[in-house]
Structures are given as C-alpha cells and as structure tokens.
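Novice: Please find the sequence and the predicted model below.
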Amino acid sequence: MPGVYRVDLLTRQVSSPEVDWSYGEPTEMLNPLNSEGPMDDMGESSGAYIVRIPFGPKDKYIPKELLWPHIPEFVDGALSHVIQMSKVLGEQIGDGNPVWPVAIHGHYADAGDSAALLSGALNVPMIFTGHSLGRDKLEQLMRQARQSRDEINSTYKIMRRIEAEELTLDASEMVITSTRQEIDAQWRLYDGFDPILERKLRARIRRNVSCYGRSMPRMVVIPPGMEFHHIIPHEGDMDAETEANEDGKSPDPTIWTEIMRFFSNPRKPMILALARPDPKKNLTTLVTAFGECRPLRELANLTLIMGNRDNIDEMSGTNASLLLSILKLIDKYDLYGQVAYPKHHKQSDVPEIYRLAAKTKGVFINPAFIEPFGLTLIEAAAYGLPMVATQNGGPVDIHRVLDNGLLVDPHSQQSIADALLKLVADKHLWAKCRSNGLKNIHLFSWPEHCKTYLSKIAGCKPRQPRWLRNDDDDENSESDSPSDSLRDIQDISLNLKFSFEGDKSEGRDNIDGSLDSEDQETKLENAMQTWSKGVAKTPQRSGSIEKGDKFPALRRRKHIFVIAVDADPSNGLSESVRKIFEAVEKERSEGSIGFILATSFNITQMRSFLVGEKLSPADFDAFICNSGGDLYYSSLHQEDNPFVGDLYYHSHIEYRWGGEGLRKTLLRWAASTAKNEEHIVVEDEETSADYCYSFKVQKPGAIPPVKELRKSMRIQALRCHVVHCESGNKINVIPVLASRSQALRYLYLRWGMDLTKVVVFVGESGDTDYEGLIGGVHKSLVLTGVCSSASSQLHANRTYPLTDVVSYDSPNIAKTCEGFSSSDIRASLEGLQVLQG
C-alpha cells in the first residue's frame, strides 16, 4: 500500500518433520500479487516479510495452549529483531537515525500478550485483533456441560488466555473487530471494557474534560478482506447452460451433478445453506420452514452442504443427532426430490456450488442463531447470490454495506419462509439484490480493508523512546483514544520521598491540565538537581550519559547477574547476595560480570539495605526499584551522590498511568477493606513515588486477593500493574506495562545489554510479578529453599496455575540443591554454560 515501507509478520520458527520445511526458514519475503507502482520505487529492505522467531522446543510443533511458558522468549527475540531492523532501515531511509515501528499489531490472545509486552518494551502503540475470545469460548464450553471448569482450563489454558486478553485491553490503543456484535456481545464480557463507559470517556475527551486517569481502547470495526479478482459472476441461466452443453462445450462440474441428482426439477431456484451440522447453525429450523411453506416448496429447491461424512454412525454425537433430525424432517414433510444433502465435497467445489445457485437464480441463507461474522455471505454475494441471513451478529453489518437481501429472526420459521419466498418469487427484487451485492462487494476487498486500517492507525498518537526523538513536539498528533486524557490529571512532578534525609516534597499537587513535554522534563530535572543540591559539583542531566561515565558498562560486561530474590534482608536476601558474590568472586573482581538488584524496595530502602550489608552502590551497575517503577544507576561520584535516576525510563513506562486519579481510587479501595474500624490496608507515603503507589498491608491474610484489586481497577478503566510483594505485607501499584522483567528489556533497548548474557536469580516463589522473571532468552537460577514459606507463595495469587506459564524443564532454567552453598551456585552456573568449569 502507498505510504507503507515495510511490514513484518512475526511468528514461531519450527524445524520439524511434522510441518513444512518453510516453517524453519528465518525470513521469507512475500511477493506482491499486484503492484500499483513500479518495483524500482521499493527500497532495499522494503516489502512484506514473514520473520520466524525461534522460541520453545525447536524441533517439534506444539499446540498453542502449550506455548504460554515460552511467550517471554518470543518477546525477547522479537525485540531483538525490531531493534536490528530499526538500525538497518535507519541507514537506508532514516538518515542514520533508527526507524521505529509505527505500531505493533497482535492477533489472538497469545500474540496479544506478546504484543503488549513488546509495545511496552519499545514504547510504541499497540493494536489488537482477538478473532476468537476466551471468555466467549469459556461460556460456550460451560453451556455444553461436557467438562468442568477445571477440565476446560486444563485443556485450553483458558484462564491464562483470558488474562492475556485483559492485558491487551490495558495496553492497546485500538482494538479491531470484524463486527459490532463482537464488541457488544463478546468484548463486553471483559473486566477491562465497558461500551457505556467507553462512550462516556470519549465524550469527555471531545469536550476537553478530564477523565481522571481512566482510559479505554478505541474499538474499530474493520471487516476482514477477501480476494475477488478470480471470481466471475454467472450471467446465464439453467436453460442456456443446458443448450450450451448440448452444443458440445465443457461438461458441468462434478459437484453440480452430485447435487442435482437429488432434485426432481433441478431448474428451480436453489436455496443454498453452507454450514457444519452444528445446532447453533439452526439448520433444522430452516428445513422446517421450507417444509411448512408449500408455495416455497413449489418454487424452489433446498441444498444443504453440511461438511463431509461417510457414515452417520461414525460422526460425533451432536453432529449425528442433528443430521438424523434433518433426515426425519425431510421424511416428515415428504421433501424427497426437493432437498439435496450430498455426503462429500472438496473445498475447491465451494465456488462451483455458489455458481450453481446463482445460475438457478437462487438465494444463499445463513439462519444461525448468532453469526459472529458471516464470511460465506460475502463469498456468496461475490458470485451474484442475494442473501437471507440472521439478524443477530455480523450479517447486520454486512447487510448494511451490501444491501443485497433480507434479515430474519432465526427463531421464527415464518420469518425465514417469508423472506425466502419473497426473494425467489419477486424477480425484480432478486435482480436488485444481486446488483447491489456485486456493486458493493469491493468494500470487502483487501485493498479497501488496508485503506481503512491505515486510516485508523493514523489516528494513533505516535510513541517512541524519548532519547530517539529529535524534538518533543508531538502535541499536534491526534487520537480518539481516551488514553490521551492521562496527562490531564497526571502528577508529573518528581516525588522526593526517596530522599535520604526523609524530606518530603510537595509532589502530591493535583494537576488537572496537561503539561507539554519540555515543561515536564525541565521540572523533573530541576527536582532531581534539588534532590542532589550541594552534593554533585556538576549537576548531571538525568537520563543522559556523560563521556567516561560508567553506565555503558552494562553492555561491556560479559554477563549481567540480576538478583531478584523476593525475601527480607534477614530472611534470605542478604545471604543470597553474599553467596552469589562469593560464587563469582574472581569474575566480579575482573569486571567481567556486572550486577543488578531488582526488588520492591524504593531507593531509600535500597540504600538502607546496602549500608546494613556493608555493600557499596558501586557493587551494582543498576537498581530496579519499586517493582519496576523506578530505575537507578550507581554513580561515579560515590562519595556525593551514589544513585542517579534514569528519567527517560519514566517517560518510557508512563503510558496510561492514572496519576492522582488512580491514587484516589486506590485510597478508597484501601478504606473499603477496613473491618470494625480497623484499617487493614493503608497508604505508605514514605515509600510511594510518582510511578509507584505503595500500601502497607497490616493483616496479609485479611485482604482480598490482589487479582480482585486488579479486576476492580480494570472495571473502572484504570490501567495499572498491581504487585503484591514483601511476603504479602506490601502492595505496589505501578504503570500497566512496567515490571522488573520489562525493566531488563529497557536496559537492552537503552544500553544494548545482551539479554542472552543475563542470569536472573530468584527464590522458589516471590512477588506476584515472579513469573515474568523466569521466562525469556536469559538464564534463570532458582535458589531452592529461598522464599519457600507459605507467606511467600504470592505467585499463586492469580487466576491460573504457575505451571501454565513456567516451563521448569527449559534449558534456560536451573535449580540449586537444598541448602546450597556458593560452590553449588557456581556449579549451577556452569551447568547453564554461563561459566566454564
């Protein structure tokens, strides 16, 4: 399409005899079917590509339900590809500046989860298309009553899928659906979407009124495209075709003969239904309507294409039962010679079946109780067939565009019969509907789909890492997304509660007007300088690196060890740090290994821990604080200002941060947990920061699970990441796409820290962001016996078991023995091939 230089479709690389060899190819260029411009205009790396990322078992194909533990590995691989390609395109078309993606589009739940993490890591807009949604599937499976809820989850990992879809609502600028029905009937089942609240927020945005931190993805209906170039609508009739065949021209397709052998009078108009024998498709009501209406039987034949079968007794119970019911109805109404129900057909026969129905001046019908989209209606229209379709679901949108038939109540036999009879009997109406369908069918073509898609993407507000921007003038970009309201109420002043002296700033001021990017950055810098006033002789611009500074050491290290042990200093953290340092004392003194400390502590608590353990900030290259809400580096000026905050990091994670509006809602929630006037959850003002609202839990066992708080915030359209930490004694609420694992990806993006050279140390359990620290291309070492107490089992506080998302048999994960020593740690690292024996 004009204006699009490159499209990359990222998927899984599989090298297995179970699948075609092409699945193992890392990159495959897709040749354009047709090009509107000369090929010379295309650049060296332009075009459309399938890029296959290796993740999970490399030598076998596994079902999508078993891919969840390997999603972080895909995200890391995709991040690496995007960064490399941005540099390549920057050299080719960006004047040496990296060319960032305009958007990341996830399809289905697992790719949506990946796209959300990738969007957060890159700070670019995300778009999502669900196709098939987990909550809707769960409802259908529960109604069938063949499996219990636990059995359904075990088979389909449905709760993990639903949580992924909830995350896509948190992260997406725009959600694309095929029909309005998908929005109103399926997405509204989710905590994170409410069509009524969405309309209210959008109205407030149009009036320039604050949304108090609330945001909702923009729902857009874009029907899927089809290729129509190969379709030639039939222009003749049965009599003309018969005469042509008698003159010696090509014989009829085999499927025509197979269908017409059922009919006493094959020249009558054909009512065509094409659907699997599923009760939801409502075929028994169609046959009953046909049988009950004598005028319709006299004017038309009925053809039912219901999949393929050899023997009804060998079909599944539901399908066999429905087919037997149809056969009984045919016998009841004596429809022999009027109804065709062939046993077999090939996919390549379907176009010929449409052509036969059109040749007889017939009608296509979809009488399903609910039809999510209705692709067969579009196909039939392309062959010149008017339609009769259910009024429930996607056909309403299709009919609005094509205007080529009638909508009916699928529960009413009379409504179905009357509509069919009207179209078959009224030749003028039939011709008008046929003409309308053929005239408007291009609106469902791929070029039309792409034009609409690109026009909607243009409405997304551009985002990219702040340090890549040439200027901060992005205020003119327009977006219909309610997320734009976040800046209206966001408190962007630096909260100095982390100052070592305990001084408190006035950083809680409510700001109901937006500040431009330059003002925001200036205010942040001034606040940081105030914090370190009188200490650093030359104030350093936060987020920038001076020549000779230590920060790039992250990418010069041979390995980076991340200590993310979620234990109290006296209950495992201190001893773990000591043993890890002892295990690699030689490499540590050489400088080949760098260290990052990643905890739920704020910077004051972090400093207290270091002082208490007689450790220097210089022992670590970076500190991930507040569960991923803040990022600091150790400074060259250790005697003056040992920590330097990365304020570019805040601009990177601030997407949809609810600011003061979120904080006030959290305070109301905390107050609601009180029992008998005893406060169970209270705000921890000492440890809170601008991008982390902290709460003390006075009685860990007395509060609802943290997943309930996350659900509550989503229902109120407040997007955040709720982390239950410190053995249940604290709750950190940070931006929705922030976490300790995402902070590691930021360090890769910012400083080129090779994630394959990273080792993350964790306990047996940990905070509720624990699962994100284990998967990925990095190595993980589980310290057996650490964080093993019942109070540490916070990672169980989710809607799905940890085993659904962590694969402990991965070659990237190892465990120490019980009561491990520093030599045991070293042996484990050698087993992971991090160190040489």
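Specialist: The structure has been received and is ready for your questions.
Novice: just for the chain, where's the confidence low?
Specialist: 1, 33-42, 234-250, 469-552, 638, 790-796, 837 (pLDDT under 70).
Novice: Find the residue at the geometric middle of it.
Specialist: residue 112 (1.6 Å; C-alpha atoms, centre = their mean).
Novice: in the stretch 101-250 of the chain, which spans are strands?
Specialist: Remark: strands assigned in the stretch 101-250 of the chain by DSSP state E, counting those that start in this stretch are 104-107, 126-129, 174-177, 218-221.
Novice: Return the most buried member of those.
Specialist: Across these, averaging neighbours per residue (mean count of other C-beta atoms under 10 Å) puts strand 126-129 on top, at a mean of 26. Every residue, glycine included, has its C-beta placed from N, CA and C.
Novice: partners of that strand in the sheet?
Specialist: strand 104-107 (parallel), strand 174-177 (parallel) (DSSP bridges).
Novice: Now render those strands as a markdown table, adding distance to residue 26.
Specialist: Below are those laid out as a markdown table (distance: least, C-beta to C-beta, whole Å):
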| stretch | distance to residue 26 |
| --- | --- |
| strand 104-107 | 20 |
| strand 174-177 | 28 |
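Novice: Helix, strand, or coil at the residue lying closest to residue 260 once chain neighbours are set aside?
Specialist: Among residues not flanking residue 260 along the chain, residue 266 sits closest, at 4.0 Å (C-beta to C-beta, 6 or more residues apart in numbering). Look at residue 266: counting by DSSP: H, G, I helix; E, B strand; the rest coil, its state is coil.
Novice: list the contacts for residue 805?
Specialist: Residues in contact with residue 805 (C-beta atoms under 8 Å, 6 or more residues apart in numbering) are 68-69, 71, 160, 771, 775.
Novice: Repeat that for residue 561.
Specialist: Residue 561 neighbours (C-beta under 8 Å, 6+ apart): 580, 584, 593-596, 758-759, 761.
Novice: in the stretch 551-700 of the chain, which spans are strands?
Specialist: 559-563, 593-598, 622-625, 630-634, 643-645, 681-683, 693-697.
Novice: ok now stretch 316-325, how far from the chain's centre?
Specialist: Centroid separation between stretch 316-325 and its chain, computed with C-alpha atoms, centre = their mean, to the nearest Å, is 37 Å.
Novice: typo on my end, it should be stretch 89-102
Specialist: Relative to its chain's centre, stretch 89-102 lies at 26 Å (C-alpha atoms, centre = their mean).
Novice: re the thing from before, pull up the gap between the residue nearest to the centre of the chain and residue 755, please.
Specialist: As defined by C-beta to C-beta, to the nearest Å, residue 112 lies at a distance of 22 Å from residue 755.
Novice: and if you look at residue 594?
Specialist: Counting by C-beta to C-beta, the gap from residue 594 to residue 755 is 14 Å.
Novice: Between these two, which is the more surrounded one?
Specialist: residue 594 (25 against 19; other C-beta atoms under 10 Å).
Novice: still on that earlier bit, identify whichever of the strands paired with strand 126-129 lies nearest to residue 726.
Specialist: Minimum separation from residue 726 across these (C-beta to C-beta) falls at strand 104-107, 32.9 Å.
Novice: how about the longest helix anywhere in the chain: buried residues?
Specialist: If you go by DSSP state H, the chain has its longest helix at helix 71-93. Neighbour-count burial for helix 71-93 flags 71-83, 85-86, 89-90, 92 (criterion: 16 or more other C-beta atoms under 10 Å).
Novice: other SSEs contacting the strand or helix carrying residue 297?
Specialist: Residue 297 is part of helix 294-299, with elements assigned from DSSP states H and E. Applying 3 or more C-beta pairs under 8 Å, 6 or more residues apart in numbering; DSSP states H and E, one finds that helix 294-299 contacts helix 283-292, helix 413-425.
Novice: Those helices: which one's closest to residue 576?
Specialist: Of all these, it is helix 283-292 that lies closest to residue 576, at 64.1 Å by C-beta to C-beta.
Novice: Now that closest one: buried residues?
Specialist: For helix 283-292, by 16+ other C-beta under 10 Å, it's 283-291.
Novice: roughly how far is that helix from the heart of the chain?
Specialist: On C-alpha atoms, centre = their mean, the centre of helix 283-292 falls 41 Å from that of its chain.
Novice: Helices of the stretch 601-750 of the chain, start to end?
Specialist: Under the criterion DSSP state H, counting those that start in this stretch, the stretch 601-750 of the chain contains helices at 603-612, 647-653, 659-672, 706-715, 740-751.
Novice: Tabulate those helices (a markdown table), appending mean neighbour count and distance to residue 700.
Specialist: Listed next are the helices of the stretch 601-750 of the chain as a markdown table, based on neighbours: other C-beta atoms under 10 Å; distance: least, C-beta to C-beta, whole Å:
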| stretch | mean neighbour count | distance to residue 700 |
| --- | --- | --- |
| helix 603-612 | 17 | 19 |
| helix 647-653 | 24 | 27 |
| helix 659-672 | 18 | 14 |
| helix 706-715 | 19 | 11 |
| helix 740-751 | 24 | 21 |
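Novice: Same list (those helices) but as TSV, adding distance to residue 140.
Specialist: As requested, the helices of the stretch 601-750 of the chain are exported to TSV (distance: least, C-beta to C-beta, whole Å):
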stretch	distance to residue 140
helix 603-612	48
helix 647-653	37
helix 659-672	33
helix 706-715	22
helix 740-751	34
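Novice: Those helices: which one's closest to residue 433?
Specialist: Across the helices of the stretch 601-750 of the chain, closest to residue 433 is helix 706-715 (C-beta to C-beta), at 44.1 Å.
Novice: ok, back up a step: after the helix holding residue 297, next one along is what?
Specialist: Counting by DSSP H and E, the element after helix 294-299 in chain order, helix or strand, is strand 301-305.
Novice: For that following strand, which strands pair with it and how are they oriented?
Specialist: Here strand 301-305 has these sheet partners by DSSP bridges: strand 270-274 (parallel), strand 339-340 (parallel).
Novice: so how far is the last one off the chain centroid?
Specialist: Going back to what we said before, that points to strand 339-340. Centroid separation between strand 339-340 and its chain, computed with C-alpha atoms, centre = their mean, is 44 Å.
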